[in-house]
Structures are given as C-alpha cells and as structure tokens.
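S.K.: Here is my input, please return the structure:
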Amino acid sequence: MAPSTLGTFLRSFTFGHIRQLDGVAETLIGRAWAAGPGLGDGPMTIDLDSTSCEVHGHHKGGAAYGYTRQLGYHLLLATRADTGEVLHARQRTGRAASGRGAERFVNELAGRVRRAGASGELTLRADSGFWSAKVLAACKRHQIRQTKTVTAAIAAMPEHAWAEIDYPNGCVAQVAQTTLGGDRLVVRRTRLTGPQATLWPDWRYHAFVTDRIGSAVGLDVDHRRHAVCELAIRDLKAGAGLRHCPSGVFLANAAWLVIATLAHNLLGWVATIGLVRNDLVVAKTLRRRLLHLPGRLTRSARRCRLHLPTDGP
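M.R.: As a prediction, the model looks like this:
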C-alpha cells in the first residue's frame, strides 16, 4: 500500500474494530499452536512488561511525556518466554503508569491463552511496576517493590540463611527466603568485589514474592530470566515496525500495534513451524537468510521448480 492509502485504512479503525483485530490475533495464535509450537498441558511462562514507543511531532493523539522523558506512547505487552511470541498488547497514552489497566489486561491474557490451547500451568513474571493489590489478586504471582515492610523482613533474616549462588564476575551474590504476609518472599543480595568494591561496599537487595514450588536458588534464576522479554520487545520494534507509530490518530496507532504483533508472531512461526527452530530467531535473521533470498519459480513437465542461487546463505 501507498503510505496515504495505509493511513486512510488505519484511521478507519474504531475501538470496536481494534477489539475485533485482537480476536484475529487470538485465533491465529490458536491455529499456530495447534500446528506445532503449542505447549498443550505443559507449563507456560509469560512475561508482562511495558515499553515506551517514541514518536516525533506534537500532533500525535495520546502521545505524552512519560517516565522516559520522551514524547511517545506507553505500551503494555505480554510475551511468551520460550518463543518471544506476543500474546497480548494494549496501546496506552504516554502518561500511563506501568501498572495502569494491568488487572484487566491480565484477565484478558489468561482467557486468550486458555482459549488458544494452553491448558497447563501458567507462570506470570513482571517487575515491581505492576505491584498492586488488584493485579496480585488477578494473577496470584508478582514481584513487589522493596517497601519498609520488606526491608524489615530482610533485616530479620539470620546470616546462616543466605546461600551463595553463581553470579557474573566482580560480584558476590547470595539468596535467602522468608515469608511476608503469608506469601513466600525470596531475596537476592549482591555486593561488588575486587577493586570496584569501594564504589559500592554495601549489599544491594532485590526481593520478589511468589507462590511457586521450588528452591529459592532455582526460583531466583528463573526470576532473572524475565529479562528475555526485552529481546522480544526489541525485535518487535526493529523487525516488525513498532519503532514508529505512523498516524496522528490514537486508535490508528492502536491498530498499528496489533498488526505489528501479528507480523512479529508470523515471523516467529516461520522459524518454529516452517524451519523447526526451537531457539529464538530474530526478524533480521529471517529476512537475511530467507525472505530476501532471490528466487524464480518455473513450470516444466507439469511440475513447479524453484530456482535459488547456488551461493546463497
């Protein structure tokens, strides 16, 4: 499409049309999972995060300056940890706090993945921006910020409760656990070593609440894997067109967000279904090795032949 034609198409979307587009995305996820990459009754880990989508120009509907101090939108995204698929997305104004609308978003997310065929245990990982009583009640599993109550619980831990864990060079790290309000509280503390130790000689604490079963060390390792959602967000922006919101109309950009997630997921399914790749493959790799590969389709003796360059990647 020409840019003007695409703009006219996007501006025709109302909120109801965007919800219908959400339904299309859900249907495609269900069909893709039925074709191969679904987990069925196996466990699934979902990462919940927000990201800022910067825009230029002061006539973008809903764009505002948020915590990043950049003009743009503050999007809400849920990604599948093992494949990077975007399971749900919501367009929000630039001033929206991280947890705004998170309770409804989590409820919609759970319904979507269940209807798509995920019947096993669901694990939701998120950072402290989504800590609220409503979100905790909706998902039963969230990290929390370190309040005074958490600080008091950490201070009450005996020294023998801390266990050493593997951590990047230059740091010493330990993990311990206790309870907070009847919930399981896992705490990791780190401290610099060597010449850098004088820069930050004190322990730095990071705590999260969970209702999962397992050792504190193992849960802490899995908690740190929450960072994989940043890879999916980066690929969504660099590979599927979300780095730019093209319209000045808020609902048009909301439609663009859902369409971008569809493009991102389709590229991922090419790798998992078509190429039988279980590792994360970014859009740039697929374009370089597959989509940009020149070829010629010919027909001879009632058979189709695809001619590809012999020295291609």
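S.K.: Was I right to think residue 138 contacts residue 103?
M.R.: Yes: counting by Cβ atoms under 8 Å, residue 103 is a contact partner of residue 138 at 4.9 Å. Placement of C-beta: from N, CA and C, glycine included.
S.K.: Surely residue 216 and residue 178 touch.
M.R.: No: distance between residue 216 and residue 178: 9.6 Å, which falls outside the contact criterion (Cβ under 8 Å).
S.K.: The closest residue to residue 93 other than its chain neighbours: what secondary structure?
M.R.: Excluding its sequence neighbours, the residue lying closest to residue 93 (Cβ to Cβ, 6 or more residues apart in numbering) is residue 62, at 4.3 Å. Applying DSSP: H, G, I helix; E, B strand; the rest coil to residue 62 yields a three-state assignment of coil.
S.K.: What's the separation between residue 306 and residue 231?
M.R.: Residue 306 sits 32 Å away from residue 231, going by Cβ to Cβ, to the nearest Å.
S.K.: got it, and residue 180?
M.R.: 31 Å.
S.K.: Would you mind telling me which of those two has more residues around it?
M.R.: residue 180 (17 against 13; other Cβ atoms under 10 Å).
S.K.: tally of neighbours for the spatially closest residue to the more buried one that is not a sequence neighbour?
M.R.: Take residue 180 and drop its neighbours on the chain: the residue closest to it by Cβ to Cβ, 6+ apart is residue 153, 5.2 Å away. Neighbour count for residue 153, taken as other Cβ under 10 Å: 18.
S.K.: Okay, and residue 153 sits in which element?
M.R.: According to DSSP states H and E, residue 153 maps onto helix 148-155.
S.K.: Check which helices and strands that helix sits against.
M.R.: Where contact means 3 or more Cβ pairs under 8 Å, 6 or more residues apart in numbering; DSSP states H and E, helix 148-155 is packed against strand 171-180, strand 183-192, strand 204-210.
S.K.: Identify each buried residue in the first one, please.
M.R.: Burial within strand 171-180, assessed by neighbour count using 16 or more other Cβ atoms under 10 Å, is assigned to 173-178, 180.
S.K.: That strand pairs with which strands?
M.R.: strand 163-165 (antiparallel), strand 183-192 (antiparallel) (DSSP bridges).
S.K.: Quick one, which of those strands gets closest to residue 23.
M.R.: Closest approach to residue 23 among those (Cβ to Cβ): strand 183-192, 35.3 Å.
S.K.: What distance do you get for residue 118 to residue 26?
M.R.: In terms of Cβ to Cβ, residue 118 sits 12 Å off from residue 26.
S.K.: So those two - more neighbours on which side?
M.R.: residue 118 (24 against 18).
S.K.: Now that one: which helix or strand?
M.R.: With DSSP H and E as the test, residue 118 turns up in no helix or strand.
S.K.: which one is it nearest to, not counting chain neighbours?
M.R.: residue 44 (5.2 Å).
S.K.: who touches the helix or strand of the chain with the lowest mean pLDDT?
M.R.: Using mean pLDDT, DSSP states H and E, helix 133-139 stands out as the lowest-scoring helix or strand of the chain, at a mean of 73. With Cβ atoms under 8 Å, 6 or more residues apart in numbering as the test, helix 133-139 has contacts from 99, 102-103, 106-107, 110, 124, 126, 142.
S.K.: Quick check: which of those has the minimum pLDDT.
M.R.: Across these, the smallest pLDDT goes to residue 142, namely 37.
S.K.: Measure how buried the nearest residue to residue 196 once chain neighbours are set aside is and give me the count.
M.R.: Leaving aside its chain neighbours, residue 196 sits nearest to residue 170 (6.1 Å; criterion: Cβ to Cβ, 6+ apart). By the measure other Cβ under 10 Å, the count of residues near residue 170 is 11.
S.K.: Test my guess that residue 170 contacts residue 190.
M.R.: No: using Cβ under 8 Å, residue 170 makes no contact with residue 190, being 10.0 Å away.
S.K.: what does the domain assignment say about the protein?
M.R.: Taking automatic domain parsing as the domain assignment, the ranges for the chain are 1-141+215-313, 143-210.
S.K.: Which of the ones you listed has the highest mean neighbour count?
M.R.: domain 1-141+215-313 (a mean of 17; mean count of other Cβ atoms under 10 Å).
S.K.: which stretches of this protein have low pLDDT?
M.R.: Applying pLDDT under 70 to the chain flags residues 1, 139-148, 278-280, 312-313.
S.K.: which stretches of this structure form helices?
M.R.: For the chain, applying DSSP state H gives helices covering 3-11, 15-34, 102-116, 133-139, 148-155, 216-224, 228-240, 250-269, 283-286.
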